[in-house]
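**Q** just to be clear, the model below is a prediction. Sequence and coordinates:
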Amino acid sequence: MLPDELPVPGKPPVSLVPTSDGSFTLLHGEHGQTYHSVHGAFQEARHVFLEQGLCHYVHRNAARPVRVLEVGFGTGLNFLVSAAYCLQHGIGLDYTGIEPAPVPPALLTESGYADLLDLPEHRNAYLTWYPGRETLHLSPAVQLRLTQSSLMQVASFPESDVLYFDAFAPSTQPEMWTPDAIAHAVSALQPGGVFVSYSITGKLKRTLKELGFTVEKPKGAAGKREMIRAIRD
Ligand SMILES: C[S@@+](CC[C@H](N)C(=O)[O-])C[C@H]1O[C@@H](n2cnc3c(N)ncnc32)[C@H](O)[C@@H]1O
């Protein structure tokens with residue numbers, strides 16, 4: 001997500017707004033922030049999380065399924081772009097999302113995000129499941145679990161290879177970006193594992209280096225110069 005400061009519209013907590021690539025994002029009324037970049041929600045999800053995170057890992061590591069942990073699951077857009085890619089390329093995906101406040105299912109349906117999946121039965125399965133407590137199996141090799149909880153209230157995470165860190169911006173939710181919160185989030189990320197986020201700050205780089213990561217700065221999604229990728233040594 002790009003931390004675009006937008007005026008708080010005084011509407012319901014979340015509403016759909018269009019972005020530059022034709023996809024929608026959600027605007028959080030209280031935070032005044034969008035769930036993804038207004039310069040392109042699909043573009044950001046694909047670039048930051050799928051290409052710079054999951055694909056980066058897959059091209060360098062043979063172990064399958066790829067185990068992804070996402071902090072700030074929201075609508076599951078980052079899951080959907082990842083699942084679509086894995087289904088198309090025959091890659092096993094074991095995905096866990098952490099989210100204390102799922103969005104209204106009707107808004108998810110209206111967003112059209114499920115259309116990212118090729119097969120109607122997969123789209124229906126996702127929309128019917130959201131936000132499910134049971135594991136969703138899109139195929140024998142692609143599965144999703146959602147933990148409805150805040151990051152710091154999750155006692156332990158499943159071992160993971162890729163961590164999508166998609167919290168609201170540090171200016172809005174600084175508690176998500178403290179060294180303690182980041183250390184907790186990466187606690188089950190395996191050696192060689194990849195941490196990615198749209199937000200790059202000096203504090204986050206220092207925190208990850210102190211936790212034993214090598215920090216990289218790939219080009220950011222549209223509208224952003226850089227993003228962060230960090231590899232666990
Ligand atoms: C920038 S949005 C992420 C959008 C999401 N990845 C998607 O695809 O729709 C940030 C998300 O973090 C969630 N969040 C807020 N506080 C959180 C917490 N303490 N732990 C985990 N997630 C949190 C919000 O509810 C929101 O869904």
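**A** Ah, there it is. Please read these numbers as outputs of a predicted model, since none were measured by experiment.

**Q** strand partners (parallel or antiparallel) of the top strand by length along the chain?
**A** The longest strand of the chain (DSSP state E) is strand 189-197. Applying DSSP bridges to the sheet, strand 189-197 is found paired with strand 160-165 (parallel), strand 228-232 (antiparallel).

**Q** between these, which gets nearest to Leu54?
**A** Checking the strands paired with strand 189-197 against Leu54 by CB to CB gives strand 160-165 as the closest, at 5.4 Å. For glycine as for every other residue, the C-beta is placed from the backbone atoms N, C-alpha and C.

**Q** close to the ligand, is the closest one?
**A** No - Strand 160-165 stays clear of the ligand (CB under 6 Å from any ligand atom), getting no nearer than 7.2 Å.

**Q** show me where this protein has helices.
**A** 41-44, 56-58, 77-89, 105-111, 120-129, 179-185, 202-210 (DSSP state H).

**Q** ok so, going back, of the strands paired with strand 189-197, which approaches Val142 most closely?
**A** Of all the strands paired with strand 189-197, strand 160-165 comes closest under CB to CB, at 14.4 Å.

**Q** out of the helices of the chain, nearest to the ligand?
**A** Judged by CB to the nearest ligand atom, the one of the helices of the chain that comes nearest to the ligand is helix 77-89, at 3.5 Å.

**Q** just want the angle from that closest one to strand 160-165.
**A** Angle of helix 77-89 versus strand 160-165, following axes from the mean of the first three to the mean of the last three CA atoms, to 10 degrees, is 140 degrees.

**Q** near the ligand at all, helix 77-89?
**A** Yes - judged by CB under 6 Å from any ligand atom, helix 77-89 comes into contact with the ligand at Leu77, Asn78.

**Q** ditto for stretch 96-112
**A** Yes - residues of stretch 96-112 contacting the ligand under CB under 6 Å from any ligand atom: Ile98, Glu99, Pro100, Ala101.

**Q** do stretch 26-45 as well
**A** Yes - residues of stretch 26-45 are located near the ligand by CB under 6 Å from any ligand atom, namely Tyr35.

**Q** for that stretch, list every residue counted as buried.
**A** For stretch 26-45, the buried set under the neighbour-count rule, 16 or more other CB atoms under 10 Å, comprises 26-28, 31, 33-45.

**Q** ok now it, how far from the chain's centre?
**A** 12 Å (CA atoms, centre = their mean, to the nearest Å).

**Q** cool, thanks, signing off.
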